[in-house]
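1. Quick one, fold the following:
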Amino acid sequence: MVKYLLETDVLVDYLTSNENNYLMNLMKTGICFTTVLNASELLAVCKDDNEKSAVRSVLDSLKVLGLHSRYALSIPDFADKTENIRDALFAVVSLINKLPIVTMNRDRYKKTTLKIIHPQEVGA
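-> Reported below is the predicted structural model:
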């Protein structure tokens, strides 16, 4: 089965959209992963318990990957190909776990050799 590493923007789209969205399609076509980094970004902006509950519900339906200390060793491979350490770390997770990145902002990782997928491309 196909596996995907989801960027925060795809998860935000699901949480803020009232119509068909990308996450549901991705989950129908493959196994969806994200990271503790993305989970932290989502939870950090929650304004109340209802929002926290919605985020937790989404995270419970995904496989959330931790960040191993060995990932730091590969940061130099992406430091000059991404805008910041956060994106470099996410790229390392993609590389080490052999997962394509699904994001609405393909430009974010365009300097890398990683497989980057816009969610519109899935199931098209």
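2. can you pull out the strands in the protein?
-> 2-6, 30-35, 63-65, 101-102, 116-117 (DSSP state E).
3. Would you mind finding the most buried of these?
-> Of these, the one with the most neighbours on average (mean count of other CB atoms under 10 Å) is strand 101-102, at a mean of 24. C-beta here means a position set from N, CA and C on the backbone, and glycine is covered the same way.
4. Give me the contact list for that strand.
-> Contacts to strand 101-102, defined as CB atoms under 8 Å, 6 or more residues apart in numbering, come from residues 4-7, 10, 22, 26, 90-91, 94, 109, 114-119, 122.
5. is it true that residue 46 touches residue 58?
-> No. If you go by CB atoms under 8 Å, residue 46 and residue 58 don't touch, sitting 11.7 Å apart.
6. Neighbour count: those two, which is higher?
-> Taking other CB atoms under 10 Å, residue 46 and residue 58 do not tie; residue 58 has more neighbours (19 against 15).
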